[in-house]
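J.: Sequence and predicted structure, then a few things I'm wondering about:
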Amino acid sequence: EAQVTQNPRYLITVTGKKLTVTCSQNMNHEYMSWYRQDPGLGLRQIYYSMNVEVTDKGDVPEGYKVSRKEKRNFPLILESPSPNQTSLYFCASSPGTTGQPQHFGDGTRLSIL
Amino acid sequence: RKEVEQDPGPFNVPEGATVAFNCTYSNSASQSFFWYRQDCRKEPKLLMSVYSSGNEDGRFTAQLNRASQYISLLIRDSKLSDSATYLCVVNYPGRRALTFGSGTRLQVQP
C-alpha cells in the first residue's frame, strides 16, 4: 500500500531535549516536505527536499533541521525544542517537484513543556 | 494580503443542501490548483484538482476563475460525511512548494 509513515504519532517532551520525527515513503517520490499546522494559521512549510541530499528552507524553518540521505526518508530534527514548537506536524511527498498534489502522513502531535 | 484566502466558516448546512466555497489567490501567474479535505486532527487528503475548464467528480464541482483569481468548490446533496475542513491549495510559479489556505469548515447537520 502506498503510504507516508510518520513516527511517533504523539510525543510529549520537555524544553531542550533533542528529538527526531521520522518520515518514510514507499512511493519512490522525489519531493518530500514537512509542515506544521496551528489553529488559524493553516499549514506552513518548514523544510522541503527535491531529492537525495537536496534540502531547502520553507516558510518557518527556524529551530528545525532535516536531512535526506536516502530517497525514502526525510527526518525532522528539533535540536533544542521550545514550547512554541508545540504543534501538529505533517510529512508529505509527491512524485515531482512542483505543481503536483502531495500525499500526507498521518501527522505527529508534539507537545513541548 | 494572504497568498491564499478562505472564509474560515463554519458553514452549517442541512443534509441535502448545496453549498459553495470560494478561495482567492494573490498571484495571477499561479499554475496549479487543488482542493483538499481534512477531517479533525487527521491528515489532509486530495479531494480534486481544479482545471481551467472546470471539472466535476460526483457531487463535487470545482471551478477556476483566472480573471478574478479565485477558485470555487460546489458540493451538491450534502451528506453528514462531508463535514470536514476544505483546504484551497495553489502552486506559485518559482516556488517549490504548494501554498495552503487556512481552510473552510463545513458542518452538515441532520
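T.: Cool, got the structure. Numbers count the residues shown, from 1 in each chain, chains lettered A, B, ... in the order given.

J.: contacts and neighbour counts: CA atoms only from here.
T.: Noted.

J.: Which single residue of chain B ends up nearest chain A?
T.: Nearest residue of chain B to chain A: residue B:102, at 4.0 Å (CA to the nearest CA).

J.: residues contacting the closest residue in space to that residue that isn't next to it in sequence?
T.: Excluding the flanking residues, the one nearest residue B:102 by CA to CA, 6 or more residues apart in numbering or on different chains is residue A:42, at 4.0 Å. For residue A:42, the contacting residues are B:100-103, by CA atoms under 8 Å, 6 or more residues apart in numbering or on different chains.

J.: So in that sheet, which strands flank the helix-or-strand element of chain B with minimal mean pLDDT, and in what orientation?
T.: Across the helices and strands of chain B, mean pLDDT, DSSP states H and E gives its lowest value to strand B:98-100, namely a mean of 87. Using DSSP bridges, the strands paired with strand B:98-100 are strand B:84-91 (antiparallel).

J.: Those residues of chain B touching chain A, which are they?
T.: By CA under 8 Å from any CA of the partner chain, the residues of chain B that approach chain A are B:31-32, B:34, B:42-46, B:91, B:95-98, B:100-103.

J.: Please check the residues you listed and keep the buried ones.
T.: When the residues of chain B next to chain A are checked for burial by 16 or more other CA atoms under 10 Å in any protein chain shown, the buried set is B:32, B:34, B:43-46, B:91, B:96-98, B:100-103.

J.: Quick one: which of those has the lowest pLDDT value?
T.: The member of those with the lowest pLDDT is residue B:96, at 69.

J.: what's the next helix or strand after the least confident helix or strand of chain B packed up against?
T.: Where DSSP states H and E defines the elements, the next helix or strand beyond strand B:98-100 is strand B:104-109. Packing partners of strand B:104-109 (3 or more CA pairs under 8 Å, 6 or more residues apart in numbering or on different chains; DSSP states H and E): strand B:11-14, strand B:84-91.

J.: for strand B:104-109, which positions count as buried?
T.: Result for strand B:104-109 [16+ other CA under 10 Å]: buried residues B:104-108.

J.: Sheet partners, orientation included, of that strand?
T.: Strand pairing for strand B:104-109, determined by DSSP bridges: strand B:11-14 (parallel), strand B:84-91 (antiparallel).

J.: before we move on, the earlier item: can you give me how far the least confident helix or strand of chain B is from the chain middle?
T.: Remark: strand B:98-100 is offset 12 Å from the chain centroid, using CA atoms, centre = their mean, to the nearest Å.

J.: what does that strand rub up against?
T.: Identification of contacts with strand B:98-100 by CA under 8 Å, 6+ apart yields A:42-44, A:98-99, B:3-4, B:87-92.

J.: Okay, and the closest residue to residue A:49 other than its chain neighbours sits in which element?
T.: Spatial nearest neighbour of residue A:49, excluding adjacent residues (CA to CA, 6+ apart): residue A:55 at 4.2 Å. Using DSSP H and E, residue A:55 maps to strand A:54-57.

J.: Just the mean pLDDT for the following helix or strand past that strand, thanks.
T.: Moving toward the C-terminus from strand A:54-57, the next helix or strand (DSSP H and E) is strand A:65-66. The predicted model assigns strand A:65-66 a mean pLDDT of 98.
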